[in-house]
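# got a structure for you, letters missing:
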Ligand SMILES: Cc1cc2nc3c(=O)[nH]c(=O)nc-3n(C[C@H](O)[C@H](O)[C@H](O)COP(=O)(O)OP(=O)(O)OC[C@H]3O[C@@H](n4cnc5c(N)ncnc54)[C@H](O)[C@@H]3O)c2cc1C
């Protein structure tokens, strides 16, 4: 059969074609709701978890809600999340007051020292012609460009601050260390203008999902216009795309489902762990290279609720500097994993909370500990760094994004290994089509965004991109 007659034989229309979306995170939800808008009827989402939202997970906590995953809207102009809510008065601007560096001997850096360090970080911009890793570039430039008075007065503190800054950048980019981070992580990312840390006044990040879904904002999980299209607790174990006709999906419990198109939105971590078994026959080499080359890093949160806010009035957040001897001692102790902590801050709309962040291998180790042991470690950490006392919290939780097999990490970054393999997000996001250009397996999700990866707005755009791709293909087929 020629490509042309084959496509006539594929007598499907928007009304009849069967579309499976794997994953009901924000990219899957964006794809499904856009497909409904385009007039597609037979859309089914398969979600491994018992809830929709994926790495957006808003839960009730203390007097309001908290977000276990995505928390801030990063930027305004050109950010589809901001565009959707900008007239609704639901976002609060970020607050710059009250940031402090604290050392492991409880010393708090002076305002001048803090300003000098923050200035370097704010002005640090990596150029696209930079060779090597971000770690190389940042370290070299730090010693040349950071306020020389800071270095002259106290080289020890300048060194501790550099380590702390590296950790902070790792938490933003989700890498374990900056020596594995490619400059492309910055040169390919289009930062949207405006406030980079807008927080949700109420309802958390669920507010955005509720708007996409036209669902109740008070009930995280309400499937809105996708009601009847979502299958929860349905992990897809195999996508068989042999031949050129329909594809078959096998669920974890052996159910077989035939479809015409698949939009796969599982995280890069899930792809990396599962692609060899998930796709039958094997994926093309270019796709495998992108899955192997890119990375999903680990960033976790600690959330503590108190009877009263323990942080003093003047303090909104703090980052931690380890004295060399203290670090040496820590590394030999059972609390070694605390080295991965970046800092703590207050939480918008939740005056009784403290939230902390931990990154990389230490974050992954922390996930293996019982909650009680984690809290014990944190209390030791507070006693070590802070001049004020932090009581036993009323409630405590930590996230475990890496050990959850449906995520296997937090958000994606470009490692230098991807440069080595000459691969990237375009390869990851490109669809597998038949010879006449009919999409069979499409890929969406934050890691496939060429310019807004690692964010909710990027993930949303990729869902829309793949829904529009199918719409383009079906344009004009209604009459066939
Ligand atoms: C701690 C943390 C903080 C973050 N902070 C921010 C922030 O402040 N601002 C921001 O913009 N972004 C933030 N992000 C990133 C943002 O959450 C993600 O980029 C975005 O939510 C990813 O959406 P997605 O649809 O691509 O993937 P996901 O949300 O991972 O959706 C994929 C879905 O697929 C499901 N799945 C996996 N395997 C299978 C299978 N085999 N079968 C069926 N279903 C499967 C999963 O359960 C999941 O629901 C943060 C993420 C984390 C973890």
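Okay, I see it. It should be emphasised that the depicted structure is a prediction, and the values quoted were computed from it without experimental measurement.

# near the ligand, which residues of the stretch 151-300 of the chain show up?
235-236, 265-267, 270, 299 (C-beta under 6 Å from any ligand atom). For the C-beta atoms, the positions are set from N, CA and C on the backbone; glycine is no exception.

# a markdown table please, covering the residues you listed and showing neighbour count, secondary structure and pLDDT.
Converted to a markdown table, these look like this (neighbours: other C-beta atoms under 10 Å; DSSP: H, G, I helix; E, B strand; the rest coil; pLDDT from 0 to 100):
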| residue | neighbour count | secondary structure | pLDDT |
| --- | --- | --- | --- |
| 235 | 18 | coil | 98 |
| 236 | 23 | strand | 98 |
| 265 | 31 | coil | 99 |
| 266 | 27 | coil | 99 |
| 267 | 27 | coil | 98 |
| 270 | 24 | helix | 98 |
| 299 | 25 | strand | 98 |
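
# Now for the residues you listed: which two are most distant?
In terms of C-beta to C-beta, those reach their longest pairwise distance at 236 and 299, which sit 26.2 Å apart.

# Now do residue 354 against residue 70, distance only.
From residue 354 across to residue 70, the span is 20 Å (C-beta to C-beta, to the nearest Å).

# So which residue is dead centre in this protein?
The C-alpha lying nearest the average C-alpha coordinate of the chain belongs to residue 411 (C-alpha atoms, centre = their mean; 3.3 Å).

# That residue and residue 174: what is the separation?
Taking C-beta to C-beta as the measure, residue 411 falls 5 Å from residue 174.

# State the number of residues packed around residue 452.
Using other C-beta atoms under 10 Å, residue 452 has 24 neighbouring residues.

# Looks like it contacts residue 189 (just checking).
Yes: if you go by C-beta atoms under 8 Å, residue 452 and residue 189 touch, sitting 7.2 Å apart.

# which residues do those two both contact?
Residues touching both residue 452 and residue 189 (C-beta atoms under 8 Å, 6 or more residues apart in numbering): there are none.

# With respect to residue 365, which of the residues of the stretch 151-300 of the chain next to the ligand is nearest?
Using C-beta to C-beta, residue 299 comes nearest to residue 365 of these, at 13.9 Å.

# How many residues are close by the closest residue to that closest one other than its chain neighbours?
Closest residue to residue 299 apart from its sequence neighbours, by C-beta to C-beta, 6 or more residues apart in numbering: residue 410 at 4.3 Å. Burial of residue 410 is recorded as 25 neighbouring residues (other C-beta under 10 Å).

# Endpoints of stretch 381-401, how far apart?
22 Å (C-alpha to C-alpha, to the nearest Å).

# One more: stretch 102-115?
This stretch, stretch 102-115, spans 14 Å end to end (C-alpha to C-alpha).

# Show me which residues of the stretch 351-480 of the chain sit near the ligand.
For the stretch 351-480 of the chain, the contact set with the ligand under C-beta under 6 Å from any ligand atom comprises 399, 401, 406-407, 410-411, 445-446, 454-456, 459.

# Can you tell me which of those lies closest to residue 51?
Nearest to residue 51 among those, with distances taken as C-beta to C-beta, is residue 406, at 10.6 Å.

# just so I have it, where are all the strands in the stretch 51-200 of the chain?
Under the criterion DSSP state E, counting those that start in this stretch, the stretch 51-200 of the chain contains strands at 58-61, 64-67, 72-73, 91-92, 99-103, 198-200.

# Direction included, what does the second one pair up with?
Sheet partners assigned to strand 64-67 using DSSP bridges are listed as strand 58-61 (antiparallel).

# residues in contact with residue 446?
Contacts of residue 446 by C-beta under 8 Å, 6+ apart are 27, 55, 267, 411-412, 453-456, 458-459, 462.

# State the helix or strand in which the closest residue to it other than its chain neighbours lies.
Using C-beta to C-beta, 6+ apart and skipping residues adjacent in sequence, the residue nearest residue 446 is residue 459, 4.0 Å away. Assigning secondary structure by DSSP states H and E places residue 459 in helix 456-474.

# what comes up buried for that helix?
Neighbour counts over helix 456-474 (16 or more other C-beta atoms under 10 Å) mark 456-467, 469-471, 473-474 as buried.

# likewise stretch 333-349?
Across stretch 333-349, burial judged by 16+ other C-beta under 10 Å covers 335, 337-349.

# cool, and stretch 204-223?
Neighbour counts over stretch 204-223 (16+ other C-beta under 10 Å) mark 204-213, 215, 217, 220, 222-223 as buried.

# What about the residues of the stretch 351-480 of the chain next to the ligand, which are in strands?
Among those, DSSP state E puts residue 411 in strands.

# Make JSON lines out of the residues of the stretch 351-480 of the chain next to the ligand and add distance to residue 78 and pLDDT.
Supplementary listing: those in JSON lines, determined by distance: C-beta to C-beta, whole Å; pLDDT from 0 to 100:
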{"residue": "399", "distance to residue 78": "29", "pLDDT": "98"}
{"residue": "401", "distance to residue 78": "27", "pLDDT": "98"}
{"residue": "406", "distance to residue 78": "30", "pLDDT": "98"}
{"residue": "407", "distance to residue 78": "27", "pLDDT": "98"}
{"residue": "410", "distance to residue 78": "24", "pLDDT": "98"}
{"residue": "411", "distance to residue 78": "19", "pLDDT": "98"}
{"residue": "445", "distance to residue 78": "20", "pLDDT": "98"}
{"residue": "446", "distance to residue 78": "16", "pLDDT": "98"}
{"residue": "454", "distance to residue 78": "16", "pLDDT": "98"}
{"residue": "455", "distance to residue 78": "12", "pLDDT": "98"}
{"residue": "456", "distance to residue 78": "14", "pLDDT": "98"}
{"residue": "459", "distance to residue 78": "15", "pLDDT": "98"}
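
# Kind regards, and thank you for your time.
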